[in-house]
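what follows is a predicted structure for the sequence shown.
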Amino acid sequence: MGVVLPIRSLLVEEKTFFSPEDITALATAFEDTLRTLRMSDRNDPIALMVAKKIIELAKQGEHNPERLRALVISQFQKRLC
């Protein structure tokens with residue numbers, strides 16, 4: 001059995017409907033974002049923040065993993081500046 005990603009857990013908790021393809025895209029965006037941030041601990045509170053932000057953006061209609069990653073990274077950089 002594979003590792004349960006925080007983003008998948010959040011999708012179940014929120015009872016948010018996304019197609020299987022969308023869920024794959026969101027999981028890809030999540031993993032790519034954490035890799036870009038050089039984060040390996042999926043239990044880190046920042047990983048949860050990343051997952052929530054990706055879901056928020058997806059609810060607004062963005063499902064492209066590369067754009068999701070770029071948007072999340074951009075928003076995190078703004079907070080750090």
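On my side now, so go ahead.

which residues outside stretch 31-47 are in contact with it?
In this structure, residues lying in contact with stretch 31-47 by CB atoms under 8 Å, 6 or more residues apart in numbering are Val3, Leu5, Pro6, Val50, Ile54, Pro65, Glu66, Leu68, Arg69, Val72, Ile73, Phe76. (Each C-beta comes from the backbone N, C-alpha and C, glycine too.)

and with 10 Å instead?
Here stretch 31-47 makes contact (CB atoms under 10 Å, 6 or more residues apart in numbering) with 3-7, 30, 48, 50-51, 53-54, 65-66, 68-73, 76.

out of these, which end up buried?
Neighbour counting with 16 or more other CB atoms under 10 Å marks 5-7, 30, 50-51, 53-54, 65, 68-69, 71-72, 76 as buried within the contacts of stretch 31-47.

pLDDT below threshold where in the chain?
Counting by pLDDT under 70, the chain contains low-confidence ranges at 1-5, 12-15, 80-81.

still on that earlier bit, now render the buried ones among the contacts of stretch 31-47 as a markdown table, adding distance to Arg42 and secondary structure.
As requested, the buried ones among the contacts of stretch 31-47 are exported to a markdown table (distance: CB to CB, whole Å; DSSP: H, G, I helix; E, B strand; the rest coil):
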| residue | distance to Arg42 | secondary structure |
| --- | --- | --- |
| Leu5 | 7 | coil |
| Pro6 | 6 | helix |
| Ile7 | 9 | helix |
| Phe30 | 9 | helix |
| Val50 | 10 | helix |
| Ala51 | 9 | helix |
| Lys53 | 15 | helix |
| Ile54 | 14 | helix |
| Pro65 | 17 | helix |
| Leu68 | 17 | helix |
| Arg69 | 16 | helix |
| Leu71 | 20 | helix |
| Val72 | 15 | helix |
| Phe76 | 17 | helix |
